[in-house]
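Asks: Pasting the sequence and the predicted model now:
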Amino acid sequence: MQVNQEKDKYKVEIRSYFENEADQNLNLPIALLEDEVWTRLRMGPDALPLGAVQVYPSAMYLRLMHKTFKTYTAEGKLEKYTGSEFNGEKLKVYSLSFPELERKLEIVFQNKTPYLIEGWIETHPALADKQVRQTIAKRTHTVMEAYWQKNGLKDLPLRKALGME
């Protein structure tokens, strides 16, 4: 799936090997992309939309769950983090709840520039058995590198510094 913004619309290309989904080329209205929330949060969480908002859910979620790429009504909230999954002082959480999808995304982050993301919690029914499942992801490492220059075989050992091996 590829989404490109062109003036007043999104041009969307969807490719699938599932016969009933077929390839699609769509022109859709501009609305918040869940996939952009992560960057917008790091730029300044106070600018994130609150209350009822039309959102295109995560492209990965939509594809894996075989859902239609369209806007869904979500409830955006920005609150003090009161849970116990993440450690830190003065953490905040931005959440998007999608009633129609029975899905919720919670992004927990530090409440000061550069608003480091400590992790996230995603909750939704599984595709196979419809039981509600929860994924919890936690930041374990942070490395400040010119990563765009570190893409050769000689750079593979750097993966250890990120806890990827």
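Replies: That came in fine, so what should we check first?

Asks: Could you pull up phi and psi at the closest residue to residue 28 other than its chain neighbours?
Replies: Residue nearest to residue 28 in three dimensions, not counting chain neighbours: residue 10, with 4.7 Å by Cβ to Cβ, 6 or more residues apart in numbering. C-beta: built from backbone N, CA, C; applies to glycine. Note on residue 10: its backbone torsions stand at phi -100, psi 130 [degrees, to the nearest 10].

Asks: Who is residue 10 paired with across the strands?
Replies: On the basis of DSSP bridges, residue 10 is bridged to residue 5, residue 28.

Asks: what's around it, how many residues?
Replies: Residues lying near residue 10 (other Cβ atoms under 10 Å) number 18.

Asks: before we move on, what about residue 23?
Replies: 9.

Asks: you'd agree it is up against residue 16?
Replies: Yes. The criterion here is Cβ atoms under 8 Å, and residue 23 meets it with residue 16 at 6.7 Å.

Asks: Report the separation between the residue nearest to residue 28 and residue 24.
Replies: Plainly put, residue 10 is 13 Å away from residue 24 if you go by Cβ to Cβ, to the nearest Å.

Asks: Identify the residues contacting the host helix or strand of residue 123?
Replies: Per DSSP states H and E: residue 123 is located in strand 117-125. The contact list for strand 117-125 (Cβ atoms under 8 Å, 6 or more residues apart in numbering) reads 38, 41-42, 61, 65, 85-88, 91, 101-110, 131-139.

Asks: Okay, and which of those map to strands?
Replies: Using DSSP state E, the members of the contacts of strand 117-125 that fall within strands are 91, 103-110, 132-138.

Asks: What residue spans form the domains of the protein?
Replies: 1-30, 35-161 (automatic domain parsing).

Asks: so which of the ones you listed is the most packed in?
Replies: With neighbours taken as mean count of other Cβ atoms under 10 Å, those reach their highest mean count in domain 35-161, at a mean of 14.

Asks: mean confidence score for that domain?
Replies: The pLDDT scores in domain 35-161 average 94.
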